[in-house]
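**Student:** Predicted coordinates and the sequence they were generated for:
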Amino acid sequence: MKKLIDYIKKHVLIKLMSLKTVLVFVKVLAGILTSKAIALIIGPVGFALIGNLENFVSAFHNISVLGSYNTVVKYVALYKEDTKSLSKTLSTVFYVGFVSTVIVSMLCYLNAETINDFIFPKYNNYADIIKIFAIALPFYAINMYSFSIMNGFGKYKNMCQINIIGQLLSVAIALVLIYQSKIDGALISVVISESLIFLITLVGIFNRRSLANLVQVKNISFQF
């Protein structure tokens, strides 16, 4: 029996490592293709503008989820066999996260002009890009919460698969946007790429619909 268990663990680990290798390869390839497209179609100015926007997007992504990813993973892993405590964790995380993300999104949308002046040179008006990011932000936050739950349940294989498909989808859309809309397309791809992965994550959520019953307002609690 021990040999059988060791055999299963070994092969599961090999499959997981293979998926992670594929994910790394896809990310590197996506980066190369996107950079090449920007260099050929947009030029050097594109890298500067995109770099500024990526820094802004990264900061707001962290703010939107309140840096709670590791905390959610910890408590889901701790309470995955305790339905009552798990319900409190998921309910609190979802509703508090939803409210905080909506607030951040609204502030971002309503102050798009000010943010534009801050991250871009004055002569570039990309306030509409900021507004698109504000609309896409909640989908990113929901996706990260979904990932933290999957991580807590140990669904590493599913996470890798979702990331691989999401990366392929994102780079395909980015290349189309860059080709059709030049710098505007490149900037749009930056603000929506991470949120697009949520479309793939939805499949995983539908497969775990039983978890939806655990997310209820009455179960919100700050005592775990």
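**Tutor:** In hand now; what should we look at?

**Student:** Show me what counts as buried in the helix or strand containing residue 58.
**Tutor:** Here residue 58 sits within helix 44-64, counting by DSSP states H and E. Within helix 44-64, the residues that qualify as buried are 46, 49-50, 52-53, 56-57, 60-61, 63-64, counting by 16 or more other CB atoms under 10 Å. For every residue, glycine as well, the C-beta is placed using N, CA and C.

**Student:** between the residues you listed, which is closest to residue 170?
**Tutor:** Among the buried residues of helix 44-64, residue 57 lies closest to residue 170 (CB to CB), at 13.1 Å.

**Student:** Point out where the chain drops to low pLDDT.
**Tutor:** Within the chain, the ranges that satisfy pLDDT under 70 run 1-17, 67, 123, 203-224.

**Student:** From residue 45, how far off is the nearest residue to residue 129 once chain neighbours are set aside?
**Tutor:** Spatially, and ignoring its direct neighbours in sequence, residue 129 is nearest to residue 187 (4.7 Å; CB to CB, 6 or more residues apart in numbering). For residue 187, the distance to residue 45 equals 12 Å [CB to CB, to the nearest Å].

**Student:** now swap in residue 202 and tell me
**Tutor:** 36 Å.

**Student:** And for residue 159?
**Tutor:** With CB to CB as the criterion, residue 159 and residue 45 are 36 Å apart.

**Student:** do residue 122 as well
**Tutor:** 15 Å.

**Student:** just residue 93 next, same as before
**Tutor:** Residue 93 sits 41 Å away from residue 45, going by CB to CB.

**Student:** Quick check: which helices or strands does the longest helix anywhere in the chain pack against?
**Tutor:** If each helix of the chain is counted by residues according to DSSP state H, the longest one is helix 156-206. Counting contacts by 3 or more CB pairs under 8 Å, 6 or more residues apart in numbering; DSSP states H and E, helix 156-206 packs against helix 2-37, helix 44-64, helix 127-152.

**Student:** now the angle from the second one to helix 127-152?
**Tutor:** When axes from the mean of the first three to the mean of the last three CA atoms, to 10 degrees is applied, the directions of helix 44-64 and helix 127-152 differ by 50 degrees.

**Student:** List the buried residues of the helix or strand following helix 44-64.
**Tutor:** Per DSSP H and E, the first helix or strand lying C-terminal to helix 44-64 is helix 69-79. For helix 69-79, the buried set under the neighbour-count rule, 16+ other CB under 10 Å, comprises 72-73, 75-76, 79.

**Student:** could these be laid out in CSV, adding distance to residue 137?
**Tutor:** Formatted as CSV, the buried residues of helix 69-79 follow (distance: CB to CB, whole Å):
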residue, distance to residue 137
72, 18
73, 21
75, 24
76, 23
79, 28
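
**Student:** Out of those, flag the one nearest to residue 198.
**Tutor:** Distances from residue 198 to the buried residues of helix 69-79, taken by CB to CB, are shortest for residue 72, at 16.2 Å.

**Student:** Okay, that closest one and residue 88: tell me how far apart.
**Tutor:** Taking CB to CB, one finds residue 72 at 12 Å from residue 88.

**Student:** ok, now residue 56?
**Tutor:** Distance, residue 56 to residue 88, by CB to CB: 34 Å.

**Student:** what's the answer for residue 107, then?
**Tutor:** From residue 107 to residue 88 the distance is 29 Å (CB to CB).
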